[in-house]
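*Asks:* Return a 3D structure for these sequence lines:
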Amino acid sequence: MSKDINEKENYNENENALGVEDTVENTPNRITVILLNVLKFILPFILFILVTCLEYVSIELFSSADLMGIELPIAFKNIIFIAILNVGLFCLIHYLKPTLIISEVIFLVWGLINYFLFEFRGYGLVVMDFMAVKTAKNVAGAYSYSVDSYFFGGLMVIILCLVITWIYPSWKHKYYHPYVLVLMVLGIASIAGFVRYASTNKSFFKNVSSLTWDHSIGMKNYGYILYAVTNASTDKVEKPMGYSVKKVDEILDRYKEDENGEKNANALSASSGEAPNIIVVMNESFSDLKVLGNVKTDKKYNTTYESIEDNAIKGYVESSVYGGYTSISEFEFLSGMSGHYISGNPYLQYIKDYIPNFVTRIKENEEYNEVVAIHPYKSSGYNRERVYPLLGFDKFYDIHSFEDAELVRDKYVSDRACYEKIEELYEKKDKDEKLCVFNVTMQNHNPYTIDYVFDDPVKLKNMEGEDEAEQYLSLIRESDKAFKELIDYFKEQEEPTLIVMFGDHQPHLNDSFYKKASGNIPENYTILQSMDLHKVPFVIWGNYDIGYNDVGTTSINYISSILMDKAGLKMSDLDRFLLDTKEQLPSVSTTGYIDKNGAIHPWYDTKIPDKERVKEYSMVVYNYLYDTENRLDEHYNVE
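*Replies:* Below is the predicted model of the structure:
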């Protein structure tokens, strides 16, 4: 019996030595270890993907986006860009947890900026804003801000990201751990491969860049990240097909004067007579909302403009911007270049030295010793303090010249105060000198939510709850009154004077207003409705006989050449080219162009009937603004 027991014990010991018992009892433990190792391997990837997706949700919520309205493939493209950003951060930091926390903080700050940008202008941060920081700081103080469910939604999602990342256990390893180095190499390869694919495969960005005329539409349809990246890429200027300096020289040479000052068959004649004083008023957000559709008010708000029926050229102009970017309209007027061909913002990107324009051409007419700029706000806005001297302005009256001026809504200098400054300059000039003033007003600048009571406000008869639109219309009525006073003043002056007035763009109002006025909201507008959204009044009025002509619809880029011609001044080859182009293409703007038969053509239409003149115009713009080393100044100057 004792022997049997001993043999059994020896047998069990031998089994243990062979590991039989361990194998049976520890099999679950080994599976657990394997599962833990697998989980340890895939958990960082799960966390990375989860955070990236939540960051996408957060930035879209901060941008007031309808997440369910964005198609899945478009959402995936947005997420890819965020993933590429996070992969790049990881390649720099080498540690996942700090990488994701830094990324989340970036998206928190980015989202907050976007939310408040959407609040006061309708779209988020774009690349151009980084070149207009001073302008943004100047106007940001005028806004009152509120928060809604989108704000709290975006905030909660990004906080959730931070909490998840914070409780994620850190993996302690060396900075140059082999596993991390492998991931870094794969990450860099992925970034390089994606950049190459996205830059060579047009389908990735198909149709996105065509919506730069209204950022809010692009951001809602394509997601904020995808649209912002696409918009940034549009700042790269491509040379027009067939462009050469020789070709541009040939185009503009057709509009030269001969040695006797006679124009050839293509050149246009100017009227004769004494050179007039020239006053140009680009009126901030001045427009007529009735062009949008069913807008009825309890009183007229644009009486002066509507009543001008003699000694005037009158109509509407298409602006290339809507709701902002005043300097684009400003540059269109001064240069004669359509915003359709302008990438980015010339005031912030391209004007680094002298450039010929309306101002320099005016001064080449000996009657004008100087040209004055007036803008009753901070001179740093859109870099005007640096750009205006390069454009040839001799003096710049900014906000410091309006210390005790009348304010409207207790915030912005009134149009009336601007016009009083013009009258003061006129009265102080020598009698043998001619006055030339370029005035960019400020009175009607958004926001239209400032707590202010007008003495006799304009009310909408067919809409309720549109307080912003009513404040805006009340401002336009005040502008109209002030413009009448300016005209009445110069009616009494003996010196011939031409006054030009046009709006820089329409205001950005609530979608509910556009829905009630036109039955649609801007992001769903047809091409015709989009053209109406960019339409603003313009008039050239004279205190002497200049006849009367209602030109219908044209565009801002033509106004200065029309003015030069009507004033009887010496013009450049460019002016004559533009006047001839206007006969073929009466309006050319970012939204599209109108042909001589009145037909509207969007730029995405590949079968446009005026390809040759459109192509010639694009070449002239490229030579003028981008090919500065070969710019043909002899065609852009008077002499």
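*Asks:* Please, where are all the helices along the stretch 301-450 of the chain?
*Replies:* In the stretch 301-450 of the chain, the helices defined using DSSP state H, counting those that start in this stretch lie at 303-307, 326-335, 346-349, 358-363, 384-391, 415-428.
*Asks:* Can you tell me which of those helices is packed in deepest?
*Replies:* Highest mean neighbour count of those: helix 326-335, a mean of 25 (counted as mean count of other CB atoms under 10 Å). Every C-beta, even on glycine, is put in place using the N, C-alpha and C of the backbone.
*Asks:* Go through the helices of the stretch 301-450 of the chain and name the closest to Val281.
*Replies:* Smallest distance to Val281 across the helices of the stretch 301-450 of the chain (CB to CB): 7.6 Å, for helix 415-428.
*Asks:* weakest of the helices of the stretch 301-450 of the chain by average pLDDT?
*Replies:* When those are compared by mean pLDDT, helix 346-349 comes last with a mean of 78.
*Asks:* Show me what that helix is packed up against.
*Replies:* When contacts are defined as 3 or more CB pairs under 8 Å, 6 or more residues apart in numbering; DSSP states H and E, helix 346-349 sits against helix 326-335.
*Asks:* which other residues reach the helix it packs on?
*Replies:* Helix 326-335 is contacted from outside by 280, 282, 284, 319-321, 337-339, 342, 345-348, 355, 357-359, 382, 384, 391, 438, 440, 502, 504-505, 555-557, 559-560, 624-625, using CB atoms under 8 Å, 6 or more residues apart in numbering.
*Asks:* please redo it, this time with the cut-off set to 6 Å
*Replies:* The contact list for helix 326-335, computed with CB atoms under 6 Å, 6 or more residues apart in numbering, reads 319-321, 339, 346-347, 357-358, 382, 504, 556-557, 559-560.
*Asks:* secondary structure element for the closest residue to Ile79 other than its chain neighbours?
*Replies:* Distances taken as CB to CB, 6 or more residues apart in numbering put Tyr56 closest to Ile79, at 4.9 Å, once the chain neighbours are dropped. Element membership for Tyr56 (DSSP states H and E) is helix 20-62.
*Asks:* and the next element down the chain from that helix?
*Replies:* Downstream of helix 20-62 (by DSSP H and E), the next one is helix 72-93.
*Asks:* residues of the helix or strand just after that following helix that come out buried?
*Replies:* Note on helix 72-93: by DSSP H and E, the next helix or strand toward the C-terminus is helix 96-121. Applying a neighbour-count criterion of 16 or more other CB atoms under 10 Å, one finds 96-97, 99-101, 103-104, 107-108, 110-111, 114-121 buried in helix 96-121.
*Asks:* which stretches of the stretch 251-400 of the chain aren't confidently modelled?
*Replies:* 258-273 (pLDDT under 70).
*Asks:* re earlier: between the contacts of helix 326-335, which is nearest Trp166?
*Replies:* Proximity of these to Trp166 was ranked by CB to CB; the top entry is Tyr382 with 42.4 Å.
*Asks:* Now that closest one: closest residue in space that isn't a chain neighbour?
*Replies:* Tyr382 sits nearest to Ser327 (CB to CB, 6+ apart), 4.0 Å away.
*Asks:* Pull up the gap between that neighbour and Tyr388, please.
*Replies:* With distances taken as CB to CB, to the nearest Å, Ser327 is found 11 Å from Tyr388.
*Asks:* What of Gly193?
*Replies:* From Gly193 to Tyr388 the distance is 46 Å (CB to CB).
*Asks:* follow-up on the earlier one: turn the contacts of helix 326-335 into a markdown table, columns for distance to Ile546.
*Replies:* Shown next, in a markdown table, are those (distance: CB to CB, whole Å):
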| residue | distance to Ile546 |
| --- | --- |
| Ser319 | 24 |
| Ser320 | 27 |
| Val321 | 29 |
| Gly339 | 28 |
| Pro346 | 31 |
| Tyr347 | 32 |
| Asn357 | 24 |
| Phe358 | 19 |
| Tyr382 | 32 |
| Asp504 | 24 |
| Ile556 | 20 |
| Asn557 | 21 |
| Ile559 | 15 |
| Ser560 | 16 |
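*Asks:* Out of those residues, flag the one nearest to Leu160.
*Replies:* Using CB to CB, the contacts of helix 326-335 come closest to Leu160 at Val321, 37.9 Å.
*Asks:* one step back: of all the helices of the stretch 301-450 of the chain, which lies closest to Arg613?
*Replies:* Among the helices of the stretch 301-450 of the chain, helix 326-335 sits nearest to Arg613 (CB to CB), with 17.8 Å.
*Asks:* Let me know the angle separating the closest one from helix 384-391.
*Replies:* Orientation check (axes from the mean of the first three to the mean of the last three CA atoms, to 10 degrees): helix 326-335 against helix 384-391 gives 10 degrees.
*Asks:* Which parts of the stretch 451-600 of the chain are strands?
*Replies:* 497-503, 535-542, 548-555, 587-588, 592-594, 600-602 (DSSP state E, counting those that start in this stretch).
*Asks:* and the second one, which strands flank it?
*Replies:* Spelled out, it's strand 535-542. Strand 535-542 has its sheet partners listed here by DSSP bridges as strand 312-318 (antiparallel), strand 497-503 (antiparallel).
*Asks:* Adding mean neighbour count and distance to Glu485, write those strands out as a markdown table.
*Replies:* Listed next are these as a markdown table, based on neighbours: other CB atoms under 10 Å; distance: least, CB to CB, whole Å:
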| stretch | mean neighbour count | distance to Glu485 |
| --- | --- | --- |
| strand 312-318 | 23 | 17 |
| strand 497-503 | 24 | 12 |
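*Asks:* Distance to Ile540 added to those strands, as JSON lines?
*Replies:* Listed next are the strands paired with strand 535-542 as JSON lines, based on distance: least, CB to CB, whole Å:
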{"stretch": "strand 312-318", "distance to Ile540": "4"}
{"stretch": "strand 497-503", "distance to Ile540": "5"}
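*Asks:* Just tell me which of those ends up closest to Ser479.
*Replies:* strand 497-503 (9.2 Å).
*Asks:* ok, residues contacting the closest one?
*Replies:* By CB under 6 Å, 6+ apart, strand 497-503 touches 276-281, 283, 286-287, 317, 490, 536, 538-543, 563, 567.
*Asks:* now do 7 Å
*Replies:* Contact partners of strand 497-503, identified using CB atoms under 7 Å, 6 or more residues apart in numbering, comprise 276-283, 285-287, 317, 483, 486-487, 490, 536-543, 556, 559, 563, 566-567.
*Asks:* Same list (the strands of the stretch 451-600 of the chain) but as JSON lines, adding distance to Gly293 and mean pLDDT.
*Replies:* Converted to JSON lines, the strands of the stretch 451-600 of the chain look like this (distance: least, CB to CB, whole Å; pLDDT from 0 to 100):
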{"stretch": "strand 497-503", "distance to Gly293": "18", "mean pLDDT": "96"}
{"stretch": "strand 535-542", "distance to Gly293": "12", "mean pLDDT": "96"}
{"stretch": "strand 548-555", "distance to Gly293": "16", "mean pLDDT": "93"}
{"stretch": "strand 587-588", "distance to Gly293": "20", "mean pLDDT": "92"}
{"stretch": "strand 592-594", "distance to Gly293": "19", "mean pLDDT": "89"}
{"stretch": "strand 600-602", "distance to Gly293": "17", "mean pLDDT": "87"}
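*Asks:* looking at the ones you listed, which is closest to Ser474?
*Replies:* strand 497-503 (16.1 Å).
*Asks:* Tell me how far the closest one lies from the chain's centre.
*Replies:* A distance of 25 Å separates the centroid of the chain from that of strand 497-503, by CA atoms, centre = their mean, to the nearest Å.
*Asks:* cool, stretch 522-539 as well?
*Replies:* The answer for stretch 522-539 is 16 Å, by CA atoms, centre = their mean.
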